[in-house]
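Novice: dropping the sequence and predicted coords here.
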Amino acid sequence: MRATEHHEVVIVGGGTAGITVAARLAGGWWQRRRDVAVIEPSDKHYYQPLWTLVGAGLARKEATERSERSVLPRGVTWLRDAVAEFDPANNSLTTRDGRTVTYDWLVVAAGLQVNWARIPGLVEAVGHDGVCSNYAYSTVDSTWEAIRNFRGGRAIFTNPAGAVKCGGAPQKIMYLADDWFRRNGVRDRTEVIFASALQQIFAIERYKPTLEHVVARRGIDCRFRHELIEVRGREKQAVFRNLATQETTTLAYDLLHVTPPMGPPDFLAHSPLADAQGWVEVDSATLRHPRFDRVFALGDCSNLPTSKTGAAIRKQAPVLVSNLRAAMQGQPLTARYNGYTSCPVVTGIGKLVLAEFDYQKQPDESFPIDQSQERWSMWLLKRHLLPLIYWHGMLKGRM
């Protein structure tokens, strides 16, 4: 058993949320340097929003990867380990390697878990048998291989029930694939199906009509309330359950892009910090835990009732840090998060709808234009500007 070590602030997770908060806490030379530690087992850091374009052959996946060490703020301690157990009543946690870490303040930013194995046959089939997925660095190349080698037939794109990383992502790759099918002259002998466990194409009324027009214009067969429950790779068959009737349907496919089911990480779901669904419980405005005053959380692992996106974290991080600093000084928590999130919905090569909205599902837009329409300018924002903002802005604590 390793000896106990103590840090003023411990951040669980070295992804987007964890590094953004660490950078803001580390501050500049004019600010007091705090004792901040980040617990993160991976030595790689990924800019995952670009994986949609990687899967469509429009970006290199190597551009989305950097070493974890390179994104850690100067002066922050990296504990390359994973949390095994939380003891928030005693301001303590235990790691997978057996070390005990105590803290004055805890920030939970552990992301979510991609549950590949919950769909029987998926783990064995992904990467071959016509099955592909954008949801891992190791599998995203399989999507571009499947799209560029597609010669017609049935192409199915799935969307599971429950929370996923960027709710619009499952349909983005479908629109890009459809463009490639047309450019390669195979669309006229192709059936494109969007099998989604959700009830509609998009939940925000301002943007839904545009996306309904996109699927109609492209001739895409949308089958809502249909959830993928099994992949039979050798037979090239996908099994779906109709969530309204509970009936199952088996569809043959030539290309199957799978968005796997996702959920809270296991080590969080079974911890005292979790709500009944396994997400870290937080106040939706202050981002402080309602039962443990020294715990804050943000990002995908939290139970904040908004979409799980990097753009949401960009707005959550300054609120959390402001309130954490106030709590450290025994002052009221006055910063408020309004639920802002953003989903840049790629609707084709060179086309994008920039959906931005708040807790009330009302538009909270950044530009003085009609963002509900497909725009080339918004495509340029996603393809070129947002990665720069991420690497040189968010992860540096600058925006």
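Specialist: Here it is on my side, so go on.

Novice: when you work out contacts or count neighbours from here on, use the C-alpha atoms and nothing else.
Specialist: OK.

Novice: checking my notes, Arg154 in a strand, right?
Specialist: Yes: counting by DSSP: H, G, I helix; E, B strand; the rest coil, Arg154 is located in a strand.

Novice: got a list of what it touches?
Specialist: By Cα atoms under 8 Å, 6 or more residues apart in numbering, the residues touching Arg154 are 190-193, 252-255.

Novice: repeat that for 6 Å
Specialist: The contact partners of Arg154, by Cα atoms under 6 Å, 6 or more residues apart in numbering, come to 190-191, 253-254.

Novice: in the chain, where's the longest helix?
Specialist: Longest helix in the chain by number of residues (criterion: DSSP state H): helix 310-328.

Novice: what's next to that helix, contact-wise?
Specialist: With Cα under 6 Å, 6+ apart as the criterion, helix 310-328 contacts 17, 21, 287, 299, 333, 335, 340-342.

Novice: widest-spaced pair of those residues?
Specialist: Maximum pairwise distance among the contacts of helix 310-328 (Cα to Cα): 25.0 Å, between Leu333 and Ser342.

Novice: now the longest helix of the chain: buried residues?
Specialist: Going by neighbour count (16 or more other Cα atoms under 10 Å), the buried part of helix 310-328 is 310-324, 327.

Novice: now do that helix, average pLDDT.
Specialist: The pLDDT scores in helix 310-328 average 97.

Novice: just stretch 74-86 next, same as before
Specialist: Mean pLDDT, stretch 74-86: 97.

Novice: same question, stretch 149-169
Specialist: Here the average pLDDT along stretch 149-169 is 95.

Novice: end-to-end on it?
Specialist: This stretch, stretch 149-169, spans 22 Å end to end (Cα to Cα, to the nearest Å).

Novice: what's the next secondary structure element after the longest helix of the chain?
Specialist: strand 341-348 (DSSP states H and E).

Novice: off-centre distance for the helix or strand just after that next one?
Specialist: Once the chain leaves strand 341-348, the next helix or strand it forms, by DSSP H and E, is strand 351-357. Offset of strand 351-357 from its chain centre (Cα atoms, centre = their mean, to the nearest Å): 16 Å.

Novice: so what touches the next helix or strand after strand 351-357?
Specialist: Sequence-wise, the next helix or strand downstream of strand 351-357 (DSSP H and E) is helix 376-380. Identification of contacts with helix 376-380 by Cα under 6 Å, 6+ apart yields 350-352.

Novice: distance of Phe367 from Ile220?
Specialist: Per Cα to Cα, Phe367 is found 30 Å from Ile220.

Novice: right, I mislabeled it, should have said Gly153
Specialist: Distance of Gly153 to Ile220, computed by Cα to Cα: 13 Å.

Novice: between these two, which contacts overlap?
Specialist: Overlap of the contact sets of Gly153 and Ile220 (by Cα under 6 Å, 6+ apart) is empty.

Novice: ok, back up a step: so for Leu333 and Ser342, which residue has more residues nearby?
Specialist: Using other Cα atoms under 10 Å, the more surrounded residue of Leu333 and Ser342 is Ser342, with 25 against 18.

Novice: just to revisit the earlier point, buried ones among the contacts of helix 310-328?
Specialist: 17, 21, 287, 299, 333, 335, 340-342.

Novice: in CSV: the residues you listed, plus pLDDT.
Specialist: CSV is the format used below for the buried ones among the contacts of helix 310-328 (pLDDT from 0 to 100):
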residue, pLDDT
Ala17, 98
Val21, 98
Leu287, 98
Gly299, 97
Leu333, 98
Ala335, 98
Tyr340, 98
Thr341, 97
Ser342, 96
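
Novice: which residues of the stretch 151-300 of the chain fall in strands?
Specialist: 153-159, 190-196, 221-224, 226-232, 237-242, 248-252, 255-257, 262-263, 295-297 (DSSP state E, counting those that start in this stretch).

Novice: go through the ones you listed and pick out the most buried.
Specialist: Of these, the one with the most neighbours on average (mean count of other Cα atoms under 10 Å) is strand 295-297, at a mean of 27.

Novice: picking that back up, look at Phe367 and Ile220 and report which has more neighbours.
Specialist: For Phe367 and Ile220, the more surrounded residue by other Cα under 10 Å is Ile220, and the numbers stand at 17 against 8.

Novice: what's the closest non-adjacent residue to that one?
Specialist: Take Ile220 and drop its neighbours on the chain: the residue closest to it by Cα to Cα, 6 or more residues apart in numbering is Val192, 5.3 Å away.

Novice: so how far is Ala125 from the one you found?
Specialist: Taking Cα to Cα, one finds Val192 at 20 Å from Ala125.

Novice: can you check Leu93 too?
Specialist: Per Cα to Cα, Leu93 is found 37 Å from Ala125.

Novice: can you say which of the contacts of helix 376-380 are buried?
Specialist: Neighbour-count burial (16+ other Cα under 10 Å) is assigned, among the contacts of helix 376-380, to 351-352.

Novice: for the contacts of helix 376-380, which one is nearest Gly167?
Specialist: For these, the nearest to Gly167 is Leu352 (14.8 Å; Cα to Cα).

Novice: in the sheet, who's paired with the closest one?
Specialist: Beta-bridge pairing for Leu352 (DSSP bridges): Val346, Arg375.

Novice: was I right to think it contacts Ser372?
Specialist: No: between Leu352 and Ser372 there is no contact under Cα atoms under 6 Å: 9.3 Å.

Novice: doesn't Glu145 belong to a strand?
Specialist: No: counting by three-state DSSP, Glu145 falls outside a strand, being helix.

Novice: give the burial count for it, as a bare number.
Specialist: 17.

Novice: what does Val215 give?
Specialist: Applying other Cα under 10 Å, we find 19 residues neighbouring Val215.

Novice: then Ala244?
Specialist: The local packing of Ala244 (other Cα under 10 Å) involves 11 other residues.

Novice: run the chain-centre distance for stretch 86-106.
Specialist: Mean-position distance between stretch 86-106 and its chain equals 26 Å (Cα atoms, centre = their mean).

Novice: residues in contact with that stretch?
Specialist: By Cα under 6 Å, 6+ apart, stretch 86-106 touches 1-2, 4-10, 82-85, 294-295.

Novice: one more time with 8 Å, if that's ok
Specialist: Contact with stretch 86-106 is made by 1-12, 81-85, 271-273, 292, 294-296, as judged by Cα under 8 Å, 6+ apart.
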